[in-house]
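Novice: Show me the folded form of this:
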Amino acid sequence: SPEFLSKPTDTTFRQGDTGTIECQVDGFPLPKITLLHNGKPLTPKDGIEHTYDAATHRLIITVKNARFDQAGTITCKLDNTLGSTETSFQFNVTAGPAITKGLTDQECVLGKELRLSLTTSANPKPTVKWFKDNVELQNMGTQASDDVYELVIPNVKLEDEGIYKAVVANDIGERETQCKLTVTEPSELKCDFTEQQIIAMGQTIHLSCQVSGHPQPDVIWTKDGKEIKASDRVEIIKNADGTCSLTIKQATPEDKGVYKVICKNKLQTREAQTQVQITSALRFNASLKDNVAQVGQSVILEIDCEGLPKPTIKWLFNGQEINVSPKYKIESKGNVTKLTLSKVDLVDSGLYEAIVSNGIDTINTQSKLDVCVKPKVEGKPSDVNVHVNESAKLQCKISGSPSPTIVWLKDGQPIEQSDNITIQSELDGTQILLVKSTQITDKGSYVCQATNIGGTVDVKLNLNVQQVKPTLKSDLMKDIVALVDEPVALTIKAAGTKPKVKWYKDGEEIIETIEEEYEIIEEEETYTLLIKRAQPKDSGEYQAVITNDAGQVKSKKIKVQIQKAVHLKNKPDPIVTVKQGEQARFECEFDGNPSPKVSWLRDGKPLTPKDGFEIKTDATTGTSVLIINQTTTKHSGPITLRLENSVGPPIEEIIQLQHDTLVLEYTVSGRPKPDVVFMKDGKEIKPSAKTQITYDETTNIYRLITTDVGQDDQGVYTLVAKNKFGKQESEPVKINVTAPLTIKRQLPGTVDAIFNEQTTLTIEAEGIPQPKITWLFNDQPLKSSPKHKIETSKENPHLTTLTITKLDNPDGGKYTAIIDNGLEKVQSDCQLHIYAKPKLESKLDSTFTFNYGEPGSIPLHISGEDNTITWLKDSHPIELNDRVRFITEENNSYKLAIDDVRSEDKGIYTIQVKNKGGLVELKTTVNVKEQKPQILLDLNDAPGINVAKIGEEFSLEIQTQGKPAPHVAWLFNGQELSTNSTDYELIATEDGHYRLVFHQFNEHYLGEYQAIITNSAGTIKTKKVKVTGQQMPFFTQELPQFVQVKTGEKITIECTTKGYPPPKVSWSLNGKILTNKDGCDIKFDQATGHATFIIPNATMKHIGKYECKIENQYGTHATEINIDVLAPPNVQQKMQDFEICRGQEVTITVTADGSPLPTCTWLYNDTPIQAQPDHIEIINDGPVHSLKILNAELTDEGQYKALIENQMGKTELVSQVTVMSK
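Specialist: Numbering: from 1, shown residues only. Next up, the predicted model:
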């Protein structure tokens, strides 16, 4: 058999080399030699051949140009007929790296995976290093297979872009390959603008977006498919951060269109667009106004409206669209659109509306058109005469369309119905005012005023009610005398028809005052005047006057005297010291009633003027003054003030006047004591009341003391002393008595005198010696004459007057009084001005009548200088303001101007014109002509107009005029609505529109409405309209969406509904309407809107979808409720037992109901069963549950149990399965 004499050994060649591998083999017969490479036979094309030399037994294996793929295990196999043998050796080919597939440039999308791979061959196994931008990437590459190497970047980022290089090396050599990586990002576009842009004309269009991508995408803006270029008005911005914007300033209508932004790079193109609409707000240059027309007239309704886009106009009448017809003509020119109604009739009354829309905005304007026939009086109404307490019926007949609103007025004031007054309107137009029991106050002029939008007619009727003249049943009695602070009551009794009693004192009416000095009491026929705390001022003559419309009667007059004892309020000074010739005054204040008698006494005798005493007593003011104008010593001494009346004891006060004192002293000695005599002007001085002679023995001093020294005490004084030894006389002493000049009454600095009258200048001066007064005019002496009378008062020699008679302008100037007594000289000056008294130079009308709301003026032309004008109204000064102004014009013309005459301006106006020449007072009467209220727009009583949607805004509106502007009161069911409710708003505009606005109308306000319009000129009423309501039904308390109960429990579903009229409520199950016959308890309270649905005993048959539906004529609303009734499992039948043969199939089935639907768990010999392929199947189909055993085995025999359960309970069923062998 073959054998290897020597075996080949492992051999290594370098790639590309040629070499041989030898071994020796032997065998007989000669063996067949086969070479295998890695177990596969070699062929010549593999580049490995062998030769065998039988002689030398050499086997030579030749490898030509060694290749790397030739490396491996080479097996040499020998075969002959005797057997076979083989041997193997390892053939290795070493080579430097060879890159068979290098790197190529790549583009990779941002965020995607990148694989850079190369294929290389080398032996020994090479290493591969990866570089990016010549920086080695550590731990990055992987070997995908024996000769494939990869660099994987799972999530490519922009920073991964660059030059990548792979270096392949082993011990023999190295190779490298490189590529360029470009990272790309699809273009992205985010826009800040919506699909539609509405831009007001003149505003700026601004579209902005954010673009991104790599490379950076190009951005183009287009309008209607054409690219937009930048200009003065168009700004296009693209920033490095990808923010882009298009701005168009001052948008015009031409800028309307489809704007598109296109964002594009080589990966992707993105775009977004918006529709730009240029608008200008819809507005009315002229809107609709309400109109009133007579039957047969044509009416034109016109609007002027503009806006962008250009609007379309739709006309409606009472909510229905108007189409062009012979009746209606619609014309448009520019912005003006007209609707013309030809020959209107009553049926054309209603609400006309123009709806203007341009697809962006909608505005509307309305016009209320009233077609009417003015009210007319049918026949001639008659006046009515009745007696007190009789009934009276005033009636008239009036026609008109629409039916006029009737208001009864008495003396211009509206009449309201009461228990005594009934107002009726008959179907034939007869209007009746019935007074059940007439009184005197019912007498007067009545007016039945009928008004509709066509105008107003007044029917005047007179009601004459006769009454009983008042009579006195008990008169005032005798005069009353009472003490102060006592109450005094005056009482009468009077009969007659509601007499009115007024009390008078001294002819003046007595009014109850805030101080409540008087109280007037009326009790049935008794009338009393009570003086609560009588005072002397309440003394006087009292009388009562009893009056009614039938006549008047007066009580007799009585005198009331309130007495008060004398009281000295302010006492006179007890002592007054003056110089001789000066004035002395003693003053006191007193009160008492009767007025006290005042006496000034000396030595018990009254003082008289001839003694130099002047007494001024004013009982009214309660003052008394004793004046001694030129005091002398004879006035010295005590004086008694005495006050007395008949009520209490008299009061006395002692006062005294004293003068300066003269004292002469002499020391006289001698023995025996001499006799001393004081001499004046050679005459002995005797002691008297004012003169005393005293002697002081210790000092031997004699004194002559003279008090109240006066001019009479002036002279030469000596003292004569004598005793038996002789006589001595003192040196004479001359005493001069002087008093300084005193100007007790100066000339005034300025005197204003009246032309052609006289004026008197008075100067009063005192002094010792008595001064002499000289008068000057403009520094020239004046002598007494008929023109200039100079007089000295006989009663008061110190007082001198200058009287200038018949004053003329030349008499004006400077007057001077020079006072001179030889010792002093003073003067007093006065400037005399001559003035003319004001005089009315124009006629002043006795009465001015002005229209209310219009301007009025009272003009005057008055002569005189420096006139001061004072305006009074009803004796009170007029307050001037922007409306009432006093205007002074040239040439002494004056005017009281009233810009906007009002009712309060009527009255008696007094004009007081005053200057230094005097006062002129003028009077005139101002009357204001007012305008009764008129209805320009009445309440609309057309059917279907006054329907209020509950919870929404609803309003009633009228328009009225009158002077003064009327007050409008709104009546609801005959009762006036309050002005401060939060349920509604009362709105009044300057143009006379009055609106009652309910912002959220409540059904409580459904009923009858009317407006009463009043000003001081009269009252009118609008039509009465009835407001009905409507409201689409809705749930105020929502129903539950899902209700779950247990079997046998009670189901109660409640809800609260609202709607007007109150809605009907229905309940249904799966589309079938339910009633109480279906075992349900269904209730609904219309008053409260509360609905209940009750199922007393829930079962599974009640499971389902219920619907509660509420509906009325204005709409329907429904809501669904899903009811689920929980029930324990219910098995319809027991499971069967089975006997089967091995290999057969068996199915165990159970059907179980319940809520929720129960689950089924299968057990085999109490062990849970799991489904097994091709053997056990478990099937659940709703309530049916099956266990299927396929190809039964003997081991499948046993007890099978179905466990049926839900949250309400569980149950078990058992099936016995017997498996028999065939």
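
Novice: mind listing the helices for this protein?
Specialist: Remark: no helices are assigned in the chain by DSSP state H.

Novice: Which other helices and strands does the worst-scoring helix or strand of it on mean pLDDT contact?
Specialist: The helix or strand of the chain with the lowest confidence, counting by mean pLDDT, DSSP states H and E, is strand 575-577 at a mean of 73. Packing partners of strand 575-577 (3 or more CB pairs under 8 Å, 6 or more residues apart in numbering; DSSP states H and E): strand 584-593, strand 651-658. Bear in mind the C-beta positions are built from the backbone N, C-alpha and C, glycine included.

Novice: which residues does the residue nearest to residue 487 when sequence neighbours are not counted contact?
Specialist: Leaving aside its sequence neighbours, residue 487 sits nearest to residue 532 (CB to CB, 6 or more residues apart in numbering; 5.7 Å). Applying CB atoms under 8 Å, 6 or more residues apart in numbering to residue 532 gives the contacts 487, 516-519.

Novice: how close does residue 532 sit to residue 522?
Specialist: Between residue 532 and residue 522 the distance is 17 Å, computed by CB to CB, to the nearest Å.

Novice: go on, residue 599?
Specialist: 48 Å.

Novice: partner residues bridging residue 970?
Specialist: Applying DSSP bridges to residue 970 yields these beta-bridge partners: residue 1011.

Novice: ok so, going back, of residue 599 and residue 522, give the one with the bigger neighbour count.
Specialist: residue 599 (18 against 12; other CB atoms under 10 Å).

Novice: if I pick the more buried one, what's in contact with it?
Specialist: Contacts for residue 599 (CB under 8 Å, 6+ apart) come out as 606, 640-643.

Novice: Narrow the residues you listed to just the buried residues.
Specialist: The neighbour count (16 or more other CB atoms under 10 Å) marks 640-643 as buried among these.

Novice: quick check, nearest of these to residue 825?
Specialist: Distances from residue 825 to the buried ones among the contacts of residue 599, taken as CB to CB, are shortest for residue 641 (40.2 Å).

Novice: what's around the spatially closest residue to that closest one that is not a sequence neighbour, how many residues?
Specialist: Nearest non-adjacent residue to residue 641, counting by CB to CB, 6+ apart: residue 653, 4.4 Å away. Neighbourhood size, residue 653 [other CB under 10 Å]: 15.

Novice: OK, contacts around residue 653?
Specialist: Neighbours of residue 653 in contact, by CB under 8 Å, 6+ apart: 568, 571-572, 574, 588, 640-641.

Novice: what's the answer for residue 570, then?
Specialist: By CB under 8 Å, 6+ apart, residue 570 lies in contact with 587-589.

Novice: If you rank those by neighbours, which is first?
Specialist: Result: residue 588 is most packed of the contacts of residue 570 (other CB under 10 Å), 23 neighbours.

Novice: Test my guess that that one contacts residue 567.
Specialist: No: taking CB atoms under 8 Å as the definition, residue 588 is not a contact partner of residue 567, at 11.2 Å.

Novice: hang on, the earlier thing: in the least confident helix or strand of the chain, what's buried?
Specialist: Neighbour counts over strand 575-577 (16+ other CB under 10 Å) mark residue 576 as buried.

Novice: Note down every partner strand of that strand and its orientation.
Specialist: Counting by DSSP bridges, the strands paired with strand 575-577 are strand 651-658 (parallel).

Novice: the inter-axis angle of the partner strand versus strand 584-593?
Specialist: With axes from the mean of the first three to the mean of the last three CA atoms, to 10 degrees as the basis, strand 651-658 and strand 584-593 are set at 170 degrees to each other.

Novice: Now residue 285: closest residue in space that isn't a chain neighbour?
Specialist: Counting by CB to CB, 6+ apart, the nearest residue to residue 285 once its immediate chain neighbours are dropped is residue 304, at 3.9 Å.

Novice: do the same with residue 1
Specialist: Of all residues not flanking residue 1 in the chain, residue 83 sits nearest, at 3.4 Å (CB to CB, 6+ apart).

Novice: what comes up buried for stretch 607-623?
Specialist: 607, 612-615, 617, 622-623.

Novice: pretty sure residue 338 is in contact with residue 330, am I right?
Specialist: Yes: here residue 338 reaches residue 330: they are 7.2 Å apart, a contact under CB under 8 Å.

Novice: How far off centre is the least confident helix or strand of the chain?
Specialist: Computed by CA atoms, centre = their mean, to the nearest Å, the chain-centroid distance of strand 575-577 equals 76 Å.

Novice: One more: stretch 920-929?
Specialist: Distance of stretch 920-929 from the chain centroid (CA atoms, centre = their mean) equals 44 Å.

Novice: Contacts for it next, please.
Specialist: Under CB under 8 Å, 6+ apart, the answer for stretch 920-929 is 837-840, 844-852, 856, 858, 860, 862, 901-903, 905-914.

Novice: Many thanks, I have nothing further to ask.
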